[in-house]
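> give me a 3D structure for the following:
(one chain, ligands or ions: 1)
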Amino acid sequence: MNDTDMDPFACFDDSDDDDDDDDDDENDQQHEQQHQYGSSPPQNITKPSSITSSRQFTYSTENGNSTASYSLQQDEQSQGRRLVDEANARLDAATAVKDGLLPVTSSSFEVFDTLTGAGKGLRALKVFEYGDEILREYAAMRVPNHQAAESLEEAEQLHERAVQSTFNNLHHSTQNAIIQLHSCDQWMNHDDSPGRHASGVVTPLGAYQSNSYTLGDQKCGGLFLTTARMNHSCRPSATHIWRPDLQKTVVFATRRIEIGEEIFTTYGPPECLDTEGRRDYLREKFSFECGCEMCEEGNRFGGDDRMIEINSLQEDISMLAQTGDPKIAIDAVERCLSLLKEQSISIGAYRQPLLHYGYQIAMDGLKDIDLAKSYLSKELAVTQQCEGPTSPKALQIQAMLDDLF
Ligand SMILES: C[S@@+](CC[C@H](N)C(=O)[O-])C[C@H]1O[C@@H](n2cnc3c(N)ncnc32)[C@H](O)[C@@H]1O
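This is a model prediction of the structure:
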C-alpha cells in the first residue's frame, strides 16, 4: 500500500472539514469514557524483597485521576526515595504525553477476540440506540499524507521516515499500545535486513499503514488506538467521523446495538457494489477477504440485485437532478432510500447525499418548499446521528433549514 491507499476509512471522510480548527468545546467531562494513563505500577521499579510498608501516589490528568502504587522497605529509605523520584519522573513523562493518546477505555464497550477470523474487534457492553455516541478519541499519531518527492519510491521513504520519527517521539506506553495493533501481512517485517525487526513483528509503519485513516481535508493521517480495533462490515452498526472542531474522531451507533454485539464500522467502498465488487475493493485496498454478514449472505435474499440497482439509480439521480424530469428524479431518490432500508444499510454517507438531492430537486425542480423542508429535516437528522448534533455540517444544515421557515 502507498500513502494514498493506506486509509481504511478515507472514503467516508468529509473532505470539506477543516483540519486546523482546534476548538475542543464539547463537554468531555460529561462524556462517560475515561482516558487511562497506565494504572499499573511503573514498570522499572524493583520490588524490595520484604515489604514492610506501602505508599501510594496519584497523578492527575485532565480527564480524571489515575493511581499508581508500589511498596517500599522502611530500612531502605534512601533507595526508596530515589525510586520515588524516578517513578515520579516517569509519571511526569506520562502526564506530559498529550491528553488521551492511549486507548480509550469505557464500561460501555470492550476490545475482544472475535471468533470470525477477523482478529480483535470492539463489542458493546451496553445497549446503544441509533445516534448514540460510542466513543471519541484523540489520534495517538498524526502524520502528513503528502510530502514533496520526485518518485513514488522517494515518497514512500519519506513517509516511512515521518511515521518512524513521529513514533520515536511518543511516550513508551503509547508506543507499546501501537505495536500491539494489527498489521496487514504485507507490512509485517519478513526480511532480515539491518535495522529491521525479525519476521512477523508489527513495526510502527505496519501498525500505522494498517490502522490509520485520513483526517478531514486529507492532508494528514491519524491513528486512533481504540477506533482502530473496529472491524469492517458492509452493513455496519456504527460510523466514525473525524471532528476537526473537537480534534477527535467520534464513533456513533447507526442502529440499535445490543449488549455483546460486535460494533462494526465500514472501510468502504464509497459506492454501492455487489458482493464480488465489495470483496475485490477490500482485498485490493486493505488486503483482507471480507467475511461480514452481508458478504456471506451474497445474493441469497436479493442483496446483490438491490446494491446494483441502488448504484445505477445513484448515477441516474445526479444527472436527473440537473436537467431531467424532477418527478422521475424524486421517484429515483425514494426508490434508492427504500432499497437501502430493505438492505438494512443505514450508512450516512449513502443516505445524506440522497436526501440532499431530494431537497435540491424539491426546491429547484418541483418548487415544493414543504417537500424540500422535509428532505432537509431528514438530512439534518441523519447528519446529527452520524456526526453528532453539534457537528459543523449539522449546524450548516440547521441554518439552511432555519432559512426555509
Ligand atoms: C483496522 S484493523 C481492525 C482490527 C483488527 N481486527 C485487530 O485485530 O486489531 C483491520 C483488519 O481487521 C481484519 N478485518 C476487519 N474487518 C474484517 C472483515 N469484515 N472480514 C475479515 N477481516 C476483517 C482484517 O485483517 C483487517 O486488515
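
> need the contact list for the closest residue to the ligand within the chain.
Going by Cβ to the nearest ligand atom, the ligand is nearest to residue 119 of the chain, at 2.7 Å. The C-beta positions use only the backbone N, C-alpha and C, and glycine is treated the same way. Residue 119 sits next to 113, 182, 231 when contact means Cβ atoms under 8 Å, 6 or more residues apart in numbering.

> is residue 384 in contact with residue 131, as I believe?
Yes. Taking contacts as Cβ atoms under 8 Å, residue 384 lies within contact range of residue 131: 6.8 Å.

> and those two? Which one has more around it.
Neighbours were counted for residue 384 and for residue 131 using other Cβ atoms under 10 Å; residue 384 has more, 20 against 17.

> for that one, which non-adjacent residue is closest in space?
residue 394 (4.9 Å; Cβ to Cβ, 6 or more residues apart in numbering).

> now swap in residue 365 and tell me
Closest residue to residue 365 apart from its sequence neighbours, by Cβ to Cβ, 6+ apart: residue 326 at 2.7 Å.

> Provide the backbone phi and psi angles at that neighbour.
Dihedral pair for residue 326: phi -60, psi -30, per degrees, to the nearest 10.

> isn't it right up against residue 361?
Yes. Between residue 326 and residue 361 there is a contact under Cβ under 8 Å: 5.0 Å.

> more crowded one of these two?
Neighbour totals were compared for residue 326 and residue 361, and residue 361 leads with 27 against 18 (other Cβ under 10 Å).

> tell me who's in contact with that one.
Counting by Cβ under 8 Å, 6+ apart, residue 361 makes contact with 320, 321, 326, 329, 330, 333.

> farthest-separated two in these?
Within the contacts of residue 361, 326 and 333 form the most distant pair, 10.2 Å apart (Cβ to Cβ).

> any idea how far residue 366 is from residue 221?
From residue 366 across to residue 221, the span is 42 Å (Cβ to Cβ, to the nearest Å).

> if you count what's nearby, which of those two comes out ahead?
Comparing residue 366 with residue 221 by other Cβ under 10 Å, the one with more neighbours is residue 221, at 25 against 15.

> helix, strand or coil for the more buried one?
Secondary structure assignment for residue 221 (DSSP: H, G, I helix; E, B strand; the rest coil): strand.

> and it, bridged to which residues?
Under DSSP bridges, the beta-bridge partners of residue 221 are residue 143, residue 214.

> so it sits right up against residue 215, yeah?
Yes. Using Cβ under 8 Å, residue 221 is in contact with residue 215, at 6.7 Å.

> and the helix or strand hosting residue 320, what does it pack against?
For residue 320, the host element (DSSP states H and E) is helix 303-323. Applying 3 or more Cβ pairs under 8 Å, 6 or more residues apart in numbering; DSSP states H and E, we find helix 303-323 packed against helix 326-342, helix 348-360.

> what mean pLDDT does stretch 268-288 get?
For stretch 268-288, mean pLDDT rounds to 95.

> buried sites along that stretch?
The neighbour-count check on stretch 268-288 (16 or more other Cβ atoms under 10 Å) flags 268-269, 272-275, 277-279, 281-282, 285-286, 288 as buried.

> kindly report the same for stretch 151-160.
By 16+ other Cβ under 10 Å, the buried positions in stretch 151-160 come out as 155, 158, 159, 160.

> check the offset of that stretch from the chain's centre.
25 Å (Cα atoms, centre = their mean, to the nearest Å).

> helices of the chain, residue ranges please.
Ranges of helices in the chain, per DSSP state H, are 77-96, 152-168, 172-179, 204-211, 275-286, 293-297, 303-323, 326-342, 348-360, 369-387, 392-404.

> looking at these, which is buried most?
helix 204-211 (a mean of 25; mean count of other Cβ atoms under 10 Å).

> can it be found next to the ligand?
Yes. Against the ligand, helix 204-211 shows contacts by Cβ under 6 Å from any ligand atom at 210, 211.

> pLDDT of that helix, averaged?
Helix 204-211 comes out with an average pLDDT of 94.

> same deal with stretch 353-370?
The model assigns stretch 353-370 a mean pLDDT of 96.

> what residues does the stretch 1-150 of the chain put near the ligand?
So the stretch 1-150 of the chain meets the ligand at 8, 118, 119, 120, 121 (Cβ under 6 Å from any ligand atom).
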